[in-house]
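*Asks:* Sequence and predicted model, in that order:
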Amino acid sequence: MNIQGWAEIVVTIGLAVGLGWPIGIYMARVWQNQSTWLDPVLRPVERIFYGLSGVDPRKGQTWVAYTLSILAFSVAGFASLYAILRLQNLLPLNPQGFPGMSPDLSFNTAISFLTNTNWQSYSGESAASHFSQMAGLAVHNFLSAATGIAIAAALARAFAAHRGESVGNFWADVTRITLYVLLPASILIAFILAALGVPQSLLAHVDATTVEGAKQSIALGPIASQEAIKMFGTNGGGFFNANSAHPFENPSSFSNLIEEVAMNTLGFACVVAFGRVAGVAKEARALVIVMTLMVGAAAGGIYIAETQPMPAMTASHVVAAANMEGKETRFGAASTAVFAAMTTGASCGAINGWHESFSPLGGGIAVFLIQLGEMLPGGVGSGLYGMIVMAVLAVFVAGLMVGRTPEYLGKKIEAREIKFAMLATLILTAAILGFSAAAAALPFALKAVSASGPHGLTEFLYAYSSAAGNNGSAFGGLSANSPYWNTTLAVAMALGRFGYIVPVMAIAGALVVKPKLEPSAGTLPTHGPLFIGLVIGVILILGGLQYFPALALGPIVEHFQLLALTSH
């Protein structure tokens, strides 16, 4: 632990926030269908899509129609991806000759990429053909990210409206977000990564001779293009099993910085865009500060935990430096710590280190970030609407203390909005703790867990937290490619995605019809330090009350077990 490591954490998070501001301003124009510098190229393409699909982008939708469009789009996406994975042995661009995936693995993978989770119960380089990677997984990396951002846009319009009805047009939103935001940025990032050494090829592999003279076959594929949207769209599913710890996905310190910044930039940009569309720039800035402070604190906590000697080494009186097991040794402990915090705070799921090899506190912070609701800054779009849910609950708590009907961003927050906010929060908690409890009670499920005791509990608690939180990273040690784990993890992913989206859209529907109120003398300011502290408190108290008992039986007790070694 040194000043250079702390500076790396500050600079990395600062770059993500700094780049998020201009991108958010640009994205607000996209949400509002205003002119952009890409119009001369993309407007004709946009019109072609509308013509082929029969969509009238000027026709708005109620929250019910918007939500049904999301669900219909998701069902169609699931069916197409499931078919691609099951039939990949019959489809082109399969130079490796991979067979079709099993029914339960195809089900898990299709739900995973549909929900922006990208949990992988398989090794990409040994199970997914180039066609599956490009036409299946990469396409859904774009579409799942666009869906999340579209919901954020609909919520922004609900706050901006004065006795309105429409929250936008889902089909137009997804088209514009994909064409004007995700595609141009991903092309740029892919070119940069390819220039830095990330392969982009349709070859199955290349043969090499090692220094000992042995023959080796090295897997190749369209990696740079997959890596770009994987990070920028907070998807996280890697072409290789080692994810961003693999030198073909992440070859240098510069590529590592680009990937770290890319996976948080769009999350911050969504908040900025929300502020401009809803006309609440100061309040949006407060939410960015909440996100920045909390992800920065988490990165610092992991960095401190992972730069201490292991207690067993101290107890043995062995001179030991920082615990580098599971860290990306090319980049150092600070980079691994900030990568872990940014990926678990952003529902990205990409990794450049092995979370199971972290110290109990380091791994515990990572799982706790996921359990808080993936809003720091969260997934693209989903982080913004998750934070709005917390802000709504915060003004409700403040209203109870002063005896006033709470308001947020010019809208009265009443019983209907609070019920839906709590429903969204409780569905996520029920999915995480409910499936974890079931796994702990089923002997055949526990056979997939490699460790016993508190560490084993953390393995499957992290898995269900990652699934329901739509993160996708794995703690490690869990053999999840079996019918039980593939099915239950997929159900948890679906609940975490759609069980949260529907209440959020219901909140948007309740708000859009309300009048836009001017602040009064009794209105709680929602842009200053007091409100920032209140939101942080609500997030931590909700997380603590719901998950502390489970964490106490996992990483916390494991930490004290390790400390006990130093007393002998």
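*Replies:* Looks like it came in fine.
*Asks:* Tell me how many other residues surround the residue lying closest to residue 435 once chain neighbours are set aside.
*Replies:* Spatial nearest neighbour of residue 435, chain neighbours left out: residue 464 (4.6 Å); criterion: C-beta to C-beta, 6 or more residues apart in numbering. For every residue, glycine as well, the C-beta is placed using N, CA and C. Residue 464 has 26 neighbours, counted by other C-beta atoms under 10 Å.
*Asks:* Tell me who's in contact with residue 464.
*Replies:* Residue 464 is in contact with 431, 432, 435, 436, 439, 488, 489, 492, counting by C-beta atoms under 8 Å, 6 or more residues apart in numbering.
*Asks:* make it 10 Å
*Replies:* 370-371, 431-439, 485, 488-489, 492-493, 496 (C-beta atoms under 10 Å, 6 or more residues apart in numbering).
*Asks:* for the record, mean pLDDT for the helix or strand that it is a member of?
*Replies:* For residue 464, the enclosing helix or strand under DSSP states H and E is helix 453-468. Averaged over helix 453-468, pLDDT sits at 95.
*Asks:* Following it in sequence, what is the next regular element?
*Replies:* Following helix 453-468 in sequence, per DSSP H and E, is helix 483-512.
*Asks:* Tell me where the model's unsure across this structure.
*Replies:* The model of the chain has pLDDT under 70 over residues 312-316, 318-321, 566-568.
*Asks:* Look up how far residue 311 lies from the residue minimising distance to the centre of the chain.
*Replies:* The residue lying closest to the centre of the chain (C-alpha atoms, centre = their mean) is residue 347, at 1.6 Å. According to C-beta to C-beta, to the nearest Å, residue 347 and residue 311 sit 32 Å apart.
*Asks:* Hmm, residue 122 is touching residue 128, no?
*Replies:* Yes - with contact defined as C-beta atoms under 10 Å, residue 122 counts as touching residue 128 (7.0 Å).
*Asks:* what's the overlap in contacts for these two?
*Replies:* 85, 101, 109.
*Asks:* Setting the sequence-adjacent residues aside, check what's closest to the last one.
*Replies:* Nearest non-adjacent residue to residue 109, counting by C-beta to C-beta, 6+ apart: residue 85, 5.8 Å away.
*Asks:* For the one you found, list the residues it contacts.
*Replies:* Contacts of residue 85 by C-beta under 10 Å, 6+ apart are 91, 100-103, 105-110, 113, 122, 127-129, 132, 136-137.
*Asks:* In strands only, show me those.
*Replies:* When the contacts of residue 85 are checked against strands (DSSP state E), there are no matches.
*Asks:* among these, which ones are buried?
*Replies:* Burial by neighbour count, judged by 16 or more other C-beta atoms under 10 Å, picks out 91, 100-102, 105-110, 113, 122, 127-129, 132, 136-137 from the contacts of residue 85.
*Asks:* Please report the distance of the residue nearest to residue 435 from residue 550.
*Replies:* On the measure of C-beta to C-beta, residue 464 and residue 550 end up 10 Å apart.
*Asks:* between those two, what contacts are shared?
*Replies:* Going by C-beta under 10 Å, 6+ apart, residues that sit against residue 464 and also against residue 550 are 371, 432, 433, 436, 437.
*Asks:* would you turn the residues you listed into JSON lines with neighbour count and secondary structure?
*Replies:* JSON lines is the format used below for these (neighbours: other C-beta atoms under 10 Å; DSSP: H, G, I helix; E, B strand; the rest coil):
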{"residue": "371", "neighbour count": "29", "secondary structure": "helix"}
{"residue": "432", "neighbour count": "28", "secondary structure": "helix"}
{"residue": "433", "neighbour count": "19", "secondary structure": "helix"}
{"residue": "436", "neighbour count": "21", "secondary structure": "helix"}
{"residue": "437", "neighbour count": "13", "secondary structure": "helix"}
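*Asks:* which among the residues you listed gets closest to residue 384?
*Replies:* Ranked by distance to residue 384 (C-beta to C-beta), these are led by residue 371 at 18.6 Å.
*Asks:* leaving aside the residues next to it on the chain, what's closest to the closest one?
*Replies:* residue 547 (4.7 Å).
*Asks:* tell me which residues in the helix or strand that contains the one you found are buried?
*Replies:* Assigned by DSSP H and E, residue 547 belongs to helix 529-551. For helix 529-551, a neighbour-count test (16+ other C-beta under 10 Å) marks 531-532, 534-536, 538-539, 542-543, 546-547, 550-551 as buried.
*Asks:* Tell me which two of the residues you listed sit farthest apart.
*Replies:* Longest span within these, C-beta to C-beta: 531 and 550, 29.6 Å.
*Asks:* which residues touch the nearest residue to residue 193 once chain neighbours are set aside?
*Replies:* Of all residues not flanking residue 193 in the chain, residue 224 sits nearest, at 4.6 Å (C-beta to C-beta, 6+ apart). By C-beta under 10 Å, 6+ apart, the residues touching residue 224 are 186, 189-201, 239, 248-249, 255.
*Asks:* cutoff 6 Å now
*Replies:* By C-beta atoms under 6 Å, 6 or more residues apart in numbering, the contact list for residue 224 reads 190, 193, 194, 198, 200.
*Asks:* Tell me how many other residues surround the last one.
*Replies:* It refers to residue 200. Residue 200 - counted by other C-beta under 10 Å - has 17 other residues nearby.
*Asks:* swap in the second one?
*Replies:* Residue 193: 27 surrounding residues under other C-beta under 10 Å.
*Asks:* Check the secondary structure at it for me.
*Replies:* helix (DSSP: H, G, I helix; E, B strand; the rest coil).
*Asks:* measure residue 221 to residue 481 for me?
*Replies:* In terms of C-beta to C-beta, residue 221 sits 21 Å off from residue 481.
*Asks:* Repeat that for residue 351.
*Replies:* Here residue 351 is placed at a distance of 18 Å from residue 481 (C-beta to C-beta).
*Asks:* more neighbours, these two?
*Replies:* residue 351 (25 against 18).
*Asks:* hang on, residue 538 packs against residue 395?
*Replies:* No - using C-beta atoms under 6 Å as the test, residue 538 is too far from residue 395 to be in contact (9.6 Å).
*Asks:* one step back: kindly present the shared contacts of residue 464 and residue 550 as CSV, with separate columns for distance to residue 518.
*Replies:* As requested, the shared contacts of residue 464 and residue 550 are exported to CSV (distance: C-beta to C-beta, whole Å):
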residue, distance to residue 518
371, 38
432, 40
433, 42
436, 46
437, 48
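*Asks:* What is the nearest of the residues you listed to residue 454?
*Replies:* Closest to residue 454, out of all of these and judged by C-beta to C-beta, is residue 436, at 13.2 Å.
*Asks:* Which of the three states applies to residue 156?
*Replies:* Under three-state DSSP, residue 156 comes out as helix.
*Asks:* If we ignore the residues flanking it in sequence, what's nearest it?
*Replies:* Residue 156's closest residue in space is residue 277 (C-beta to C-beta, 6+ apart), at 4.0 Å.
*Asks:* With residue 113 as the reference, measure out to the nearest residue to residue 103 once chain neighbours are set aside.
*Replies:* Closest residue to residue 103 in three dimensions, ignoring its sequence neighbours and counting by C-beta to C-beta, 6+ apart: residue 86, at 7.2 Å. Distance, residue 86 to residue 113, by C-beta to C-beta: 14 Å.
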